[in-house]
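Peer 1: Give me a model of this one.
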Amino acid sequence: MNNFLSKAIWAIVVLLASGTSCAAHPSLSISAEKLAAATVSLPATWEMEEVTTERRRQDLGASESYGRYWRPQSTRGSLELEVYWFESTSSAKQGYRRALELLRRPGFTAPPPTGVTYTSTFADQYRLFCGFPETTPGGCTAVARYVNYVVITGFLPDDEVTWEQLPTLFGTIDQHIQTVITQGTQ
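Peer 2: The predicted structure is shown next:
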């Protein structure tokens, strides 16, 4: 029994020294649809629709996903929001890395236009990158991880919704997710 007790104490000392908690990392179980239900302020000419996220869900290894897409009726701007739920924080970290690999194609690694940026103070991991290829209009994508969720937000400006609105749009989505997660853990 002394041998068992000394091994248990040694394991606790190693965990404490490494900064690892004895408790498992918490995983949240809020529907992806609820996290994607952010209300964003867009002109009346922009329509919202649900989008299929099944293929990317499989590529990322997520268990659940939901997507929304806003676009104007007559021009080519867009705002896309995709939420992916993973069963654990460690699988969400892998999904986050995989999302960056899939989305950061050549030509899509530029910073946003000067003076236009957003950084999440709530997300566990967050990366904003843009692309300005010669054949298509430029856009920006943010990939964020919140505990065991990966959220992808894409933006392509048009005449009504400009680059200067990117921080407000991304901030509104980030704040909505923070509110839902905070309420879900209380």
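Peer 1: all contacts plus neighbour counts: C-alpha atoms, from now on.
Peer 2: OK.
Peer 1: Relative to Arg145, how far out is Thr121?
Peer 2: Here Thr121 is placed at a distance of 12 Å from Arg145 (Cα to Cα, to the nearest Å).
Peer 1: So if I had to pick from these two, which one is more boxed in?
Peer 2: Arg145 (24 against 12; other Cα atoms under 10 Å).
Peer 1: what sits against the more buried one?
Peer 2: Applying Cα atoms under 8 Å, 6 or more residues apart in numbering to Arg145 gives the contacts Ala92, Lys93, Tyr96, Ala123, Asp124, Gln125, Tyr126, Val151.
Peer 1: That one pairs with what?
Peer 2: Following DSSP bridges, Arg145 is listed with bridge partners Gln125, Val150.
Peer 1: what about Gln94, distance to Ser120?
Peer 2: In terms of Cα to Cα, Gln94 sits 20 Å off from Ser120.
Peer 1: now Gly154
Peer 2: Per Cα to Cα, Gly154 is found 15 Å from Ser120.
Peer 1: Same drill for these two, tell me which one is more crowded.
Peer 2: Taking neighbours as other Cα under 10 Å, Gly154 and Ser120 compare with Gly154 leading, 20 against 17.
Peer 1: Could I get the full set of helices for the protein?
Peer 2: Taking DSSP state H to define them, one finds helices in the chain at 2-18, 32-35, 54-60, 89-103, 166-184.
Peer 1: burial of the nearest residue to Ser78 once chain neighbours are set aside, as a residue count?
Peer 2: Of all residues not flanking Ser78 in the chain, Arg71 sits nearest, at 4.5 Å (Cα to Cα, 6 or more residues apart in numbering). Number of residues near Arg71 (other Cα under 10 Å) recorded here: 22.
Peer 1: my read: Arg71 touches Ala44, true?
Peer 2: No. When contacts are counted by Cα atoms under 8 Å, Arg71 is not listed as touching Ala44 (10.3 Å).
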